[in-house]
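Asker: sequence first, predicted model second:
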Amino acid sequence: MLTEEQVLNALKSVQEPHLGKSLVELNAIKELKIKNNMVSLKLAISQPGTAEQMQLQQEIVTAVKNAGAESVGLRFEKMSDEEVAKYGGQAQEEGASLLKRQDKTNFIAVTSGKGGVGKSTVSVNLATSLARLGKKVGIIDADIYGFSVPDMMGIEERPKVVGQKIYPVTRFDVQVISMGFFVEDNSPIIWRGPMLGKMLNNFFNEVEWDDLDYLILDLPPGTGDVALDIHSMLPTSKEIIVTTPHATAAFVAARAGAMAIKTDHEILGVVENMSYFESKVTGEKEYVFGKGGGEKLAEELKTEVIAQIPLGQPEIDEENFAPSIYDTNHPIGEIYMDMAAKVVEKTK
Ligand SMILES: Nc1ncnc2c1ncn2[C@@H]1O[C@H](COP(=O)(O)OP(=O)(O)OP(=O)(O)O)[C@@H](O)[C@H]1O
């Protein structure tokens, strides 16, 4: 069994990037929990949200894993100015980077255990509905293995690039950035882990986001590298988990949820998609994919079901073509508006 002492020992060799002293020497470890060899750490550093933090994260994870940890969850906070001054550094000026605006922007990661359950559909409709409620909203299509947000929202243009800066495309008052904007002809991309994290980091730092109340992250399904990257890059991000009502789907989704719990991320709720089919004629509900998966998952993750979305398709609007966006007067559009209102309530 891994002990606190072993973890601290391992961290003696890791230096705070801006102060040039070890994390232990700086008293930077504010919280250390170990459960079944899974380590969770809270650290105070002088300049959170910089590229150096990414480097530091990797060093910490490597060191603690080498000491015997199975997984390492990290949270960062800003060291007090007094401490920074004491250790010989200078407090950093507030910059424009999104990662430094975590107090102003609510980051909401939309995840699922497996593909095809409607995670992207939920993400784009949540984003659009929040914008319809008057919120300033952005969305990052981080589902690098299957980016679909531009198509779903009917976006044909590409972001403007001026020098080093990328300007998101705005559609339905939502600022949109997708991996799909940066690959030619839908060609399949094979991403290596570090490249992926780097790309995401660019999305946070090099995209000129306008003010944002909400940034929705459409993550790849599962509990892989990207989910982990997001968890450590955005300590304040909250999570919505999408599942279908099928028991197996809910079981797989529970794993994605377990990751959020392990890394201390708040789960805003479960969305059960494809919950039922409602007959337009009789109004009768048919539970095509089973029943109760969302409820069961919510119970397991100690959260609630914030929406049950039936099977259905948006009306096609030739003028304003967006194949996956529901209108506010569509019954499913109304469900999404209710869900967005719940999200606003929960993130107040
Ligand atoms: N409630 C629904 N009723 C009918 N079709 C739906 C519903 N939700 C999603 N779909 C359809 O199911 C397919 C998969 O949805 P979507 O791409 O949103 O899933 P995903 O979980 O993001 O998948 P992936 O991880 O593969 O990107 C799409 O064709 C979408 O239009």
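Answerer: Yep, that arrived.

Asker: Leu126 reaches Tyr336, doesn't it?
Answerer: Yes. Leu126 lies in contact with Tyr336 (CB atoms under 8 Å); the separation is 6.6 Å. (C-beta placed from N, C-alpha, C; glycine too.)

Asker: who does the helix or strand harbouring Gly73 pair up with?
Answerer: Here Gly73, judged by DSSP states H and E, is contained in strand 71-78. If you go by DSSP bridges, strand 71-78 pairs up with strand 38-45 (parallel).

Asker: how about the most centrally placed residue in the chain: what's its closest non-neighbour residue?
Answerer: In the chain, the C-alpha nearest the mean C-alpha coordinate belongs to Ala109, at 2.6 Å (CA atoms, centre = their mean). With CB to CB, 6 or more residues apart in numbering as the criterion, Ala109 has its nearest non-adjacent residue at 4.5 Å, and that residue is Leu217.

Asker: where does that neighbour sit: helix, strand or coil?
Answerer: strand (DSSP: H, G, I helix; E, B strand; the rest coil).

Asker: ok now do it, which residues does it touch?
Answerer: Listed by CB atoms under 8 Å, 6 or more residues apart in numbering, the contact set of Leu217 reads 107-110, 123, 139-140, 142, 230, 237.

Asker: what about those, which are in helices?
Answerer: 123, 230 (DSSP state H).

Asker: closest to Ala247 out of the contacts of Leu217?
Answerer: Nearest to Ala247 out of the contacts of Leu217 is Val110 (CB to CB; 21.4 Å).

Asker: residues of the stretch 51-200 of the chain that sit close to the ligand?
Answerer: Taking CB under 6 Å from any ligand atom as the criterion, the stretch 51-200 of the chain approaches the ligand at residues 112, 115-121, 143, 146, 148.

Asker: from the residues you listed, which shows the smallest pLDDT?
Answerer: Among those, Gly146 carries the lowest pLDDT, at 72.

Asker: returning to that earlier point: could you report the pLDDT at the residue nearest to Ala109?
Answerer: 91.

Asker: what residues are bridge-paired with it?
Answerer: Beta-bridge partners, per DSSP bridges, of Leu217: Ala109, Ile140.

Asker: buried residues in stretch 125-138?
Answerer: Buried positions in stretch 125-138, judged by neighbour count with 16 or more other CB atoms under 10 Å: 125-132, 135-138.

Asker: coming back round to it: export the contacts of Leu217 as TSV, with columns for pLDDT.
Answerer: Compiled in TSV, the contacts of Leu217 are given as follows (pLDDT from 0 to 100):
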residue	pLDDT
Phe107	92
Ile108	94
Ala109	90
Val110	92
Ser123	97
Ile139	97
Ile140	93
Ala142	82
Ile230	70
Ser237	85
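
Asker: before we move on, the earlier item: now do the buried residues in the strand holding Gly73.
Answerer: If you call a residue buried by 16+ other CB under 10 Å, then strand 71-78 has these buried ones: 71-76, 78.
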